[in-house]
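Participant: I need the structure of the sequence given here:
(one chain, ligands or ions: 2)
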Amino acid sequence: MNVIEGILQKDGLARQDIILLLQANADERNKLYAKAAEVKEKYVGRKVYFRGLIEMSNICSKNCFYCGIRAGNFNTHRYNLSDDEVVEAARYAWDNKYASLAIQTGEVSNRAFTERISNLLNRIHSETNGELGITLSMGEQTEETYKKWFECGASRYLLRIESTNRDLYAKLHPNNKAHDFDKRVECLNALKRVGYQVGTGVMIGLPFQTIENLADDLLWIQKMDIDMVGMGPYIEHPDTPLYKFKDMLLPMEERFNLALKMIAILRILMKDINIAAPTALQAIDKLGREKGIKVGANVVMPNITPGLYRNDYKLYDNKPCVDDAVDDCKNCLEARIQLTGDTIGYGEQGNSKHYANRMSKG
Ligand code: SAH
Ligand code: SF4
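Facilitator: Numbering: from 1, shown residues only. Ligands and ions are numbered 1, 2, ... in the order given. Prediction:
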């Protein structure tokens, strides 16, 4: 038995084990993927849940160095969906039995915005019979705002930590209060206190990032007892400050393989959480999301943003599916998932089993 096989037979994974798994060669990584698929089947089943993704607005007050819709990028055409457009997209999700929505925006925290979201949540619930599970991804807000949105019926919140290494975090963000690592951690704790299913994640293949950093990211996510994770490859965007480091990046294919390994290892570490196969995987490999599902992911986010706006929500370069109509996305993903051998949990919200287990433990 070689070293990797030995590690995969163990009950828990130590930091050094994770580092070795992240370095696994082509043969060895297939063993890792097989093990992750086995764990997925046993703990969460071979089912994939849809979250209809609404990219509601690309207006953002922040200036993260990696992101194409940062406030300082004046080459982006800014848009903001109307309430009716958001509700119509939500109805599409409901009519098509997606059972869950994810609404994502740039970070805005003024009162008009937070109240708008509360009203929208109420409207969506009343027009879809309260049957949709709603995830929000709107950055750092006060605990009071998180609470208000929770009371209006948002049940999950996604806030990626981006990198759990403070030095790396500081290289990715301006050095000011709006981009503070501790504040981000505090937001995740606040989300937990309020009662959300809490999601986080990191970018993989960032400039300056090491394999050790990635191993620590996984252990941090485990220690935080997170319910859902979305993590994917970093993809450079030419209109961002981080672009100047593009020559030090791993080749795309290696970033992709590293992202798959991260998903597989996380599935082994945290057996009952929800893990998304992020769209960024597909920006690199046409079969990216299917491959994510095969190695442990159980959530995908079909884009249901009205086509007119999709091209403007460009966090990174080469974003896939920007020209597809909403129905095309559905049919395409359906066919793709069937090819993996998993079934789609139509009509099921697919809440995090980890959350249920966490709550029952009190
Ligand atoms: N404004 C919110 C939600 C939108 S950004 C927030 O920041 O939380 C959603 C995610 O897109 C970010 O968390 C980040 O991980 C990812 N992202 C941004 N730029 C990216 C890039 N260049 N490559 C890959 N992912 C990126
Ligand atoms: Fe804004 Fe989020 Fe992009 Fe940062 S990652 S610039 S908060 S949209």
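
Participant: who in the stretch 1-150 of the chain is up against ligand 1?
Facilitator: For the stretch 1-150 of the chain, the residues in contact with ligand 1 (CB under 6 Å from any ligand atom) are Cys60, Tyr66, Cys67, Gln104, Gly106, Glu107, Ser137, Gly139. For glycine as for every other residue, the C-beta is placed from the backbone atoms N, C-alpha and C.

Participant: what would the residues you listed look like in a markdown table with pLDDT and secondary structure?
Facilitator: Listed next are these as a markdown table, based on pLDDT from 0 to 100; DSSP: H, G, I helix; E, B strand; the rest coil:
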| residue | pLDDT | secondary structure |
| --- | --- | --- |
| Cys60 | 98 | coil |
| Tyr66 | 98 | coil |
| Cys67 | 98 | coil |
| Gln104 | 98 | strand |
| Gly106 | 98 | coil |
| Glu107 | 98 | coil |
| Ser137 | 98 | strand |
| Gly139 | 98 | coil |
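
Participant: Now cross-check those residues against ligand 2 and list the overlap.
Facilitator: Among these, the residues that sit close to ligand 2 (CB under 6 Å from any ligand atom) are Cys60, Cys67, Gly106, Glu107, Gly139.

Participant: Most widely separated two among those residues?
Facilitator: Among these, the pair separated by the greatest distance (CB to CB) is Cys67 and Gly139, at 11.0 Å.

Participant: These two - which one has more neighbours?
Facilitator: When Cys67 and Gly139 are compared for neighbours, Cys67 comes out ahead with 25 against 21, by other CB atoms under 10 Å.

Participant: Verify the contact between Glu254 and Ile211 for me.
Facilitator: No: using CB atoms under 8 Å, Glu254 is not in contact with Ile211, being 11.4 Å away.

Participant: where do the strands sit along this structure?
Facilitator: Using DSSP state E, the strands of the chain run over residues 47-50, 52-57, 100-105, 133-137, 156-158, 197-200, 203-204, 228-230, 232-233, 274-276, 299-300, 343-344.

Participant: and for the last one, what are the contacting residues?
Facilitator: It stands for strand 343-344. Arg46, Lys47, Val48, Tyr49, Phe50, Glu334, Ile337 (CB atoms under 8 Å, 6 or more residues apart in numbering).

Participant: Among these, which one lies nearest to Asn25?
Facilitator: Arg46 (27.1 Å).

Participant: looking at it, Lys62 is touching Ile69, isn't it?
Facilitator: No: the criterion here is CB under 8 Å, and Lys62 misses it with Ile69 at 9.4 Å.

Participant: tell me, what's touching these two both at once?
Facilitator: Joint contacts of Lys62 and Ile69 (CB under 8 Å, 6+ apart) are Gly106.

Participant: These two: which is more packed in?
Facilitator: Using other CB under 10 Å as the criterion, Lys62 and Ile69 rank with Ile69 on top: 24 against 19.

Participant: Tell me who's in contact with Gly199.
Facilitator: Contacts of Gly199 by CB under 8 Å, 6+ apart are Thr135, Arg156, Tyr157, Leu158, Leu159, Ile226, Asp227, Met228, Val229, Gly230, Asn274.

Participant: TSV for those, including distance to Ala264?
Facilitator: Output for the contacts of Gly199, formatted as TSV (distance: CB to CB, whole Å):
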residue	distance to Ala264
Thr135	23
Arg156	23
Tyr157	25
Leu158	21
Leu159	23
Ile226	17
Asp227	19
Met228	17
Val229	12
Gly230	15
Asn274	15
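
Participant: State the pair within those that is farthest apart.
Facilitator: Using CB to CB, the contacts of Gly199 span at most 14.9 Å, a distance reached by Leu159 and Asn274.

Participant: Count the neighbours of Ile19 for me.
Facilitator: Neighbour number of Ile19 under other CB under 10 Å is 15.

Participant: Looks like it contacts Ile211 (just checking).
Facilitator: Yes: counting by CB under 8 Å, Ile19 touches Ile211, with 5.7 Å between them.

Participant: Low-confidence regions, this structure specifically.
Facilitator: 362 (pLDDT under 70).

Participant: Report the beta-bridge partner residues of the residue nearest the centre of it.
Facilitator: Centroid-nearest residue in the chain: Gly230, 2.7 Å away (criterion: CA atoms, centre = their mean). Beta-bridge partners recorded for Gly230 (DSSP bridges): Ala276.

Participant: Was I right to think it contacts Arg156?
Facilitator: No: if you go by CB under 8 Å, Gly230 and Arg156 don't touch, sitting 11.0 Å apart.

Participant: Give me the buried positions along stretch 103-114.
Facilitator: For stretch 103-114, the neighbour count (16 or more other CB atoms under 10 Å) marks Ile103, Gln104, Thr105, Gly106, Glu107, Val108, Phe113, Thr114 as buried.

Participant: Need the phi and psi values for the nearest residue to Ile235 once chain neighbours are set aside.
Facilitator: Closest residue in space to Ile235, ignoring its immediate chain neighbours: Tyr316 at 3.7 Å, by CB to CB, 6 or more residues apart in numbering. Phi and psi for Tyr316, reported as degrees, to the nearest 10, are phi -140, psi 170.
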